[in-house]
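1. Here's my sequence, what's the structure:
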Amino acid sequence: MKRKRDSIGFLSSLFAIVVGLLVGFLILLVSNPSQAGAGFWTIITGPLTHGSKGVGQVFYYATPIILTGLSVGFAFKTGLFNIGSSGQFIMGAFAAVVVGIKGEALGSVQWVVALFTAILAGAIWGAIPGLVKAYFNVNEVIACIMTNYIGMYLVNYLVSTNKGLYDKIHNYSKSVAETANIPRMGLDKIFEGSSVNGGFFIAVIAAVVIYILLNRTTFGYELKAAGFNKDASKYAGMNEKRNIVLSMAIAGALSGLAGALLYLAGSGKHIEIQDVLAGEGFTGISVALLGLSNPLGILLAGIFIAYITAGGFYLQLLNFSTEIIDIIIAVIIYFSAFSLFVRVIITRMQKKKEDAKTAEKGGKK
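-> Numbers count the residues shown, from 1 in each chain. Here you go, the predicted structure:
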């Protein structure tokens, strides 16, 4: 039964990708028929045509969205919808940047301390919706939306009012120390000229750890049980309130880590003072949907989304707008959600058939 569900899930994700790419091609065809074929081919092969640098950039773009995807997917698996990944992401990024700028005395371990600080900041920010959900029965979606905006404006305020953090000329945070940047770990030699670093390995390890936590531990089972039916889990002797808070805290920790990996990548990223929520948090929703909330599926989905995003940058060479990629991703999100709905219906129909067959066999006996 599980194998059937997995195959249906894989086909539904594949269907969403195909439909998204076809819609993208139609848009290219309408906007510039003569270049539509070349534009579509650029999306499909863009990163590969630029050699190891192009592939390295795919892994660089994939790193933060794999983690925000894990954050959203982990919450899904525990029966919660973590739409607050953007707020958790920027809070983690801010914590990492503070350590990265002011913690030079830490020396070679500065980047490690910055990562753990970001994880803690993200976990605290993620735990807030979990607390109000567990103890006041406030829907986590509403709480997450509020913490998104509070986090964004709070970080804007803290950066812009701190002379040690703020670059007034450019209206963004100052650059972190060299020792705060995540080591390349040999990837700069494999993917020469790209921005990829050891953060990609950290994202892969995080996906494996979350997979093991959810599927191979008692703790993971309790988190899933509390999220889906807190009354039943309470009846079974579990601390359902604690588990809801921990689920959101872990989801927040993953988003906080994502923020740190992006801003400590040594690629010249700064926290900009602007009234825009971090896009990586919302991209994580599409990655989680496409990966069916399976940590290993999310890992592959993150790489795919990063791949077509990187390919989309080269569309400008053919006078196409890069926003076409946003449309493709949006269509993939829509059909991922729709195919998920279809998958649930198909699974229920199959279960009814199997139950009917079992009852029929029982009646014959």
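2. Show me where this structure has its strands.
-> In the chain, the segments counted as strands under DSSP state E are 166-167, 172-173.
3. Thr78: which of the ones you listed is closest?
-> strand 172-173 (33.1 Å; CB to CB). The way it works is simple: take the backbone N, C-alpha and C, and place the C-beta from them, glycine included.
4. which helices and strands sit right next to the closest one?
-> Contacts defined by 3 or more CB pairs under 8 Å, 6 or more residues apart in numbering; DSSP states H and E place strand 172-173 against no helix or strand at all.
5. Quick one: distance of it to the chain centre.
-> In terms of CA atoms, centre = their mean, to the nearest Å, the centre of strand 172-173 is set 24 Å apart from its chain centre.
6. Stretch 216-233 now?
-> Counting by CA atoms, centre = their mean, stretch 216-233 comes out at 22 Å from the chain centroid.
7. which one of the strands of the chain is the most hemmed in?
-> Highest mean neighbour count among these (mean count of other CB atoms under 10 Å): strand 172-173, with a mean of 22.
8. Show me the helices in this structure, by range?
-> Ranges of helices in the chain, per DSSP state H, are 2-31, 36-49, 51-77, 85-102, 110-136, 140-160, 187-190, 199-216, 218-228, 230-235, 240-263, 279-290, 295-313, 323-364.
9. Serialize those to a markdown table and add fields for distance to Ser173, mean neighbour count and mean pLDDT.
-> Below are these laid out as a markdown table (distance: least, CB to CB, whole Å; neighbours: other CB atoms under 10 Å; pLDDT from 0 to 100):
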| stretch | distance to Ser173 | mean neighbour count | mean pLDDT |
| --- | --- | --- | --- |
| helix 2-31 | 35 | 16 | 77 |
| helix 36-49 | 29 | 18 | 85 |
| helix 51-77 | 17 | 26 | 94 |
| helix 85-102 | 5 | 29 | 97 |
| helix 110-136 | 13 | 23 | 97 |
| helix 140-160 | 5 | 19 | 96 |
| helix 187-190 | 24 | 15 | 90 |
| helix 199-216 | 18 | 18 | 96 |
| helix 218-228 | 35 | 18 | 84 |
| helix 230-235 | 40 | 14 | 71 |
| helix 240-263 | 8 | 28 | 96 |
| helix 279-290 | 17 | 26 | 90 |
| helix 295-313 | 24 | 23 | 90 |
| helix 323-364 | 26 | 14 | 71 |
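10. Figure out which of the ones you listed is closest to Ile273.
-> Proximity to Ile273 (CB to CB) singles out helix 140-160 among those, at 5.1 Å.
11. So which residues make contact with that closest one?
-> With contact meaning CB atoms under 8 Å, 6 or more residues apart in numbering, helix 140-160 is reached by 80-84, 86-88, 90-91, 93-94, 125, 128-130, 132-133, 165-166, 172-173, 248, 271, 273-278, 281.
12. repeat for stretch 108-124
-> Stretch 108-124 is contacted from outside by 88-89, 91-100, 103-104, 106, 176-177, 179-183, 202, 249-250, 252-257, 259-261, 264, using CB under 8 Å, 6+ apart.
13. ok, back up a step: can you put the strands of the chain in JSON lines and add distance to Val30?
-> Converted to JSON lines, the strands of the chain look like this (distance: least, CB to CB, whole Å):
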{"stretch": "strand 166-167", "distance to Val30": "42"}
{"stretch": "strand 172-173", "distance to Val30": "37"}
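14. Can you say which of the ones you listed is nearest to His50?
-> Closest to His50 of the strands of the chain, according to CB to CB: strand 172-173, at 28.0 Å.
15. Kindly reformat the strands of the chain as TSV and extend each row with mean pLDDT and distance to Val208.
-> Shown next, in TSV, are the strands of the chain (pLDDT from 0 to 100; distance: least, CB to CB, whole Å):
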stretch	mean pLDDT	distance to Val208
strand 166-167	94	37
strand 172-173	95	32
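16. Indicate which one of those is closest to Glu240.
-> Minimum separation from Glu240 across the strands of the chain (CB to CB) falls at strand 172-173, 39.7 Å.
17. Can you tell me how far Tyr157 is from Asp275?
-> Distance, Tyr157 to Asp275, using CB to CB, to the nearest Å: 12 Å.
18. Check Thr63 too.
-> 26 Å.
19. for Gly84, same thing?
-> With CB to CB as the criterion, Gly84 and Asp275 are 17 Å apart.
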